[in-house]
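# Fold the following and give me the result.
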Amino acid sequence: DNKDGGAPVISMVIVDRSGSMAGDRIKQAQGAMRTMANSINPSSYVGMMSYSDDIRLELPIGKFDDAQHSRFIYRVNNLQTGGSTHTNSAIIAALYVMMQYKDVPNARYRIILFTDGKQETDTMHVNRAAEVLKGLGVTLYGVNFQGGVLEELKTLVETNEAGYTTEADGNNVANEMKKLARLQL
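Okay, here's the model as predicted:
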């Protein structure tokens, strides 16, 4: 209850469901999201979006009570992969949804992004998405399933000082997401 000094936390989990996430990557992401969900403070507000060629609001933002937790897990378990990667557009869409909560006093805003790739055909440039993140003061945490450093993800994470990138290398991603949820969500 004292995370962020007791200020409300409003978060959007965004997961890449493009074709390159098929197989082990989406399974690892799903496992990490389930583990993370078990450590999210029930007083936090959490929603979920997924993207590939299209962007879907899988779960509207809501207080992370038992019912929201169940809806979150259901959506995580039913993700289907296919299509290309439109990360920056998904971030802008998530910010739009999150800003519906801009009148919540002293709220802290977080995005947790699960992805494996560089933009393929996204018309939204990474610098535009970074500018909007910075202007709104939203912290982005990235989970990288590609291996190595994804420059575009690094740009987004470094926009506001508190974010970081976790490189998913199998079992570590679930533990890292559990730590993130305990500290920030």
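# what about the residue positioned nearest the centre of the chain, is that helix, strand or coil?
In the chain, the C-alpha closest to the average C-alpha coordinate belongs to residue 112, at a distance of 2.4 Å (C-alpha atoms, centre = their mean). When the structure is reduced to helix, strand and coil (DSSP: H, G, I helix; E, B strand; the rest coil), residue 112 reads as strand.
# what are the bridge partners for it, then?
Listed beta-bridge partners, residue 112: residue 13, residue 141 (assigned using DSSP bridges).
# In terms of helices and strands, where is residue 50?
Using DSSP states H and E, residue 50 sits within strand 45-51.
# need the strands for this protein, in chain order.
With DSSP state E as the criterion, the chain has strands at 9-16, 45-51, 55-63, 108-115, 139-144, 165-167.
# which residue ranges form the helices in this structure?
For the chain, the helices defined by DSSP state H cover 24-37, 66-77, 87-98, 126-136, 151-157, 172-184.
# Packing partners of the strand holding residue 50?
strand 9-16, strand 55-63, helix 66-77, helix 87-98 (3 or more C-beta pairs under 8 Å, 6 or more residues apart in numbering; DSSP states H and E). To be clear about C-beta, it is placed using only N, CA and C from the backbone, and glycine gets the same treatment.
# which parts of it are buried?
Buried residues in strand 45-51, counted by 16 or more other C-beta atoms under 10 Å: 45-51.
# do stretch 128-139 as well
Judged by neighbour count using 16+ other C-beta under 10 Å, the buried positions of stretch 128-139 are 129-130, 132-133, 138-139.
# And stretch 54-66, by the same measure?
Buried positions in stretch 54-66, judged by neighbour count with 16+ other C-beta under 10 Å: 55-56, 58-59, 61, 64.
# Stretch 99-113 now?
Counting neighbours by 16+ other C-beta under 10 Å, the buried set in stretch 99-113 is 108-113.
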